[in-house]
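>>> need a 3D model of the sequence below.
(one chain, ligands or ions: 1)
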Amino acid sequence: MTSRLSLPVTMSAMRVDAKVVMLGKESVGKTSLVERYVHHRFLVGPYQNTIGAAFVAKPIQVGEKVITLGIWDTAGSERYEAMSRIYYRGARAAIVCYDLTDSSSFQRARFWVKELQNCEEHCKIYLCGTKSDLIGGDRSLRQIDYHDTQDFADEIGALHFETSSKTGNNVDELFQRVAEDYNSTALQYMTAEETGVDLGQKKDSYFYSCCHNN
Ligand SMILES: Nc1nc2c(ncn2[C@@H]2O[C@H](COP(=O)(O)OP(=O)(O)OP(=O)(O)O)[C@@H](O)[C@H]2O)c(=O)[nH]1
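Predicted coordinates:
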């Protein structure tokens, strides 16, 4: 395993409408999900754990509007737990990931759900079961029952997706739903400061703070 060192971002590029945070145990596939959504690719090669967090801003068309999501991809390792707390502050959406083939990752997802419920009442939770391609090939690999998770999602008022960053299955749908939900609830919670987090002048459609250390 190598490390993906994520440096603090130079916030020089764009206005973000909604902060989104990716949470979940290490290696569940948070970075791969962002990578698939933003760059339409799946990186193969040795797993590189995220250190700290990485940021990417991504504009999405919602009806007549363009909503820019500012996505924070946090490090899953428990060593960085305190840091991850910093990144979910003020988030409008949290994509809480677990690996469909790893039951312990679901326990970790429950931990993050509890944290969010206690600390971020306006943060909408999206439960995301990752690596669905693996169970597509061999159903015996599934360790997390779909219906149990749906019941849990209903109980906590969350939405539930199963995705594959390898095939792209359900990835666009997940982020599109995040943007649509933000758009439909934005005015409800918006404060003066939140009408736009101005990150300066726009240069590219997105930027990413991630450094790879092979
Ligand atoms: N088959 C398959 N493998 C995946 C998928 N998503 C991620 N992986 C693999 O799972 C490993 C971990 O993926 P990452 O995206 O780095 O996981 P992470 O949650 O960002 O990990 P941390 O940075 O440690 O928190 C890598 O080897 C990925 O190639 C998927 O949808 N399908």
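
>>> against Tyr80, how distant is Lys166?
Applying C-beta to C-beta, to the nearest Å, the value for Lys166 to Tyr80 is 25 Å. C-beta coordinates here come from the backbone N, C-alpha and C atoms, glycine included.

>>> Val113 too?
Val113 sits 18 Å away from Tyr80, going by C-beta to C-beta.

>>> cool, Lys114 as well?
From Lys114 across to Tyr80, the span is 18 Å (C-beta to C-beta).

>>> in terms of neighbours, single out the busier of those two.
Counted by other C-beta atoms under 10 Å, Lys114 and Tyr80 do not tie: Tyr80 has more neighbours, with 19 against 11.

>>> now Gln176. Its backbone dihedrals?
phi -60, psi -40 (degrees, to the nearest 10).

>>> meant to ask about Glu120, not that
Geometry field for Glu120 lists phi and psi as phi -130, psi 80, criterion degrees, to the nearest 10.

>>> spit out the contact partners of it.
Listed by C-beta atoms under 8 Å, 6 or more residues apart in numbering, the contact set of Glu120 reads 88-91, 94.

>>> gap between the two ends of stretch 139-150?
Stretch 139-150 has an end-to-end distance of 18 Å (criterion: C-alpha to C-alpha, to the nearest Å).

>>> may I see the buried residues of that stretch?
Buried positions in stretch 139-150, judged by neighbour count with 16 or more other C-beta atoms under 10 Å: 142-144, 149.

>>> near the ligand, from those residues?
Among the buried residues of stretch 139-150, no residue lies close to the ligand (C-beta under 6 Å from any ligand atom).

>>> check the secondary structure at the residue sitting furthest away from the middle of the chain for me.
Within the chain, the residue lying farthest from the chain centre (C-alpha atoms, centre = their mean) is Ser140, at 26.7 Å. Under DSSP: H, G, I helix; E, B strand; the rest coil, Ser140 falls in the helix class.

>>> around the ligand, which positions in this structure sit nearby?
With the criterion set to C-beta under 6 Å from any ligand atom, the chain comes near the ligand through 24, 26-32, 47, 49-50, 75-77, 130-131, 133-134, 164-166.

>>> now do the strands in the protein.
Here the chain has its strands, by DSSP state E, at 2-6, 18-24, 48-51, 53-62, 65-74, 93-99, 124-130, 159-162, 210-213.

>>> which one of those lies nearest to Ala186?
Distance to Ala186, taken as C-beta to C-beta, is lowest for strand 18-24 among these, at 7.5 Å.

>>> quick one: strands adjacent to the closest one?
Paired strands of strand 18-24, with direction, are strand 65-74 (parallel), strand 93-99 (parallel) (DSSP bridges).

>>> just name the most buried of these.
Most buried of the strands paired with strand 18-24 by mean neighbour count (mean count of other C-beta atoms under 10 Å) is strand 93-99; its value is a mean of 26.

>>> identify the residues contacting that strand?
For strand 93-99, contacts defined as C-beta under 8 Å, 6+ apart pick out 18-25, 27-30, 33, 69, 88, 105-106, 108-109, 112-113, 116, 120, 123-131, 144, 158, 174, 178, 181-182.

>>> tell me the contacts of the residue farthest from the centre of the chain?
Ser140 touches nothing, counting by C-beta under 8 Å, 6+ apart.
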